[in-house]
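Participant: coordinates for the following, if possible.
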Amino acid sequence: MTESDKVFAGSIPKFYDTLMVPLIFEVYAAHMAELVAASSPDSVLETAAGSGVVTRSLAQELETDARYVVTDLNQPMLDYAATRQGADSRIEWRQADALDLPFEDASFDVVCCQFGVMFFPNRVAGYTEARRVLKPGGRFVFSVWDRIEENTFADEVTNAVAKVFPHDPPRFLARTPHGYHDIALIREELNRAGFTDIKIETREEVSRAPSARDAATAYCQGTPLRNEIEARDASLLQLATDRATAAIAGCHGEGPVAGKIQAHVVVAAG
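Facilitator: Here you go, the predicted structure:
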């Protein structure tokens, strides 16, 4: 992972929330909210909350007296998330590093993190922090994307953009969002952090967009892939988006498009 992989700023948060979230994140957020709320937790910590898609789903499921702390390392994303959430006295918004959480030991019943651990510079450190702030018997619920070949639009966009920069293809999507999919490695790193009861489910869902253009714009302009493209040649951002649009349309048609997405959903305790 490069430093630019972690930069969600400028217009990226808005494109991310309005295009990427409905494209690939909402369906998994609803499932995560169900998993977290199933034990009727009194206190929940969300790390790497992004633009708040899990927050919006989970807030509807938690008890009226629950404590819900929502954090992200990236302040622009957290600020945007707060604007999308209605007033709720249960929610505390706080910038925080998941590898160095500013909370006391045994503070939460559940820690959750949707598609964020791939961005951790040291995942074992992040897992260790999650375990530290969990109460005895607490659960760590998180998700990671499966390999890019199992995620249709991400794969098509990556291949299309590579043709725009054949000598230095942007690899953000394959490298970071889809770069941590080895179940054996996930288990091993959780074990090193002290988790002993680990359940991993691989879930296939369908990604949908109103058009190939919406899907391509989501990936090219609503993720740090944009940073990679602009670092090479900012004048080619639109061309890269156009090429990605053509690639998706060529495979899925000119109207509404649908493609496979696949992720691993992890529940760890111990």
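
Participant: mind checking the SS state of the closest residue to residue 160 other than its chain neighbours?
Facilitator: Leaving aside its sequence neighbours, residue 160 sits nearest to residue 247 (Cβ to Cβ, 6 or more residues apart in numbering; 3.8 Å). No exception for glycine: its C-beta is placed from N, CA and C like everyone else's. Using DSSP: H, G, I helix; E, B strand; the rest coil, the structure places residue 247 in helix.

Participant: same check, this time on the one 3 residues further on
Facilitator: With three-state DSSP as the basis, residue 250 sits in helix.

Participant: just residue 204 next, same as before
Facilitator: Classification of residue 204 using three-state DSSP returns strand.

Participant: count the neighbours of it for me.
Facilitator: Around residue 204 there are 11 other residues, counting by other Cβ atoms under 10 Å.

Participant: identify the residue nearest it in space, chain neighbours excluded?
Facilitator: Spatial nearest neighbour of residue 204, chain neighbours left out: residue 262 (4.8 Å); criterion: Cβ to Cβ, 6+ apart.

Participant: low-confidence ranges in the stretch 1-150 of the chain?
Facilitator: Scanning the stretch 1-150 of the chain for pLDDT under 70 picks out the ranges 1-13.

Participant: surely residue 228 forms part of a strand?
Facilitator: No - assessed with three-state DSSP, residue 228 is helix; it does not lie in a strand.

Participant: once you drop chain neighbours, what's closest to the spatially most central residue of the chain?
Facilitator: In the chain, the centroid-proximal residue (Cα atoms, centre = their mean) is residue 115; its distance is 2.9 Å. Nearest residue to residue 115, sequence neighbours excluded (Cβ to Cβ, 6+ apart): residue 143, at 5.7 Å.

Participant: how many residues are close by that neighbour?
Facilitator: 25.

Participant: now do the nearest residue to residue 21 once chain neighbours are set aside against residue 23, distance only.
Facilitator: In space, and not counting its chain neighbours, residue 21 is closest to residue 53: 4.9 Å by Cβ to Cβ, 6+ apart. Separation of residue 53 from residue 23 (Cβ to Cβ, to the nearest Å): 11 Å.

Participant: chain center to stretch 256-269, what's the gap?
Facilitator: Centroid separation for stretch 256-269 versus its chain: 11 Å, with Cα atoms, centre = their mean, to the nearest Å.

Participant: for that stretch, buried residues please.
Facilitator: Going by neighbour count (16 or more other Cβ atoms under 10 Å), the buried part of stretch 256-269 is 257, 259, 261, 262, 263, 264, 265, 266, 267, 268, 269.

Participant: out of those residues, list just those in strands.
Facilitator: Using DSSP state E, the subset of the buried residues of stretch 256-269 located in strands is 257, 259, 261, 262, 263, 264, 265, 266, 267, 268, 269.

Participant: now do the strands in the protein.
Facilitator: Here the chain has its strands, by DSSP E, at 43-46, 67-72, 91-95, 108-114, 134-145, 197-209, 257-269.

Participant: was I right about the residue nearest to the centre of the chain contacting residue 25?
Facilitator: Yes - contact criterion Cβ atoms under 8 Å: residue 115 and residue 25 qualify, at 7.0 Å.

Participant: which residue comes closest to residue 161 once chain neighbours are left out?
Facilitator: Per Cβ to Cβ, 6+ apart, closest to residue 161 is residue 240, 4.9 Å.

Participant: thanks a lot, see you next time.
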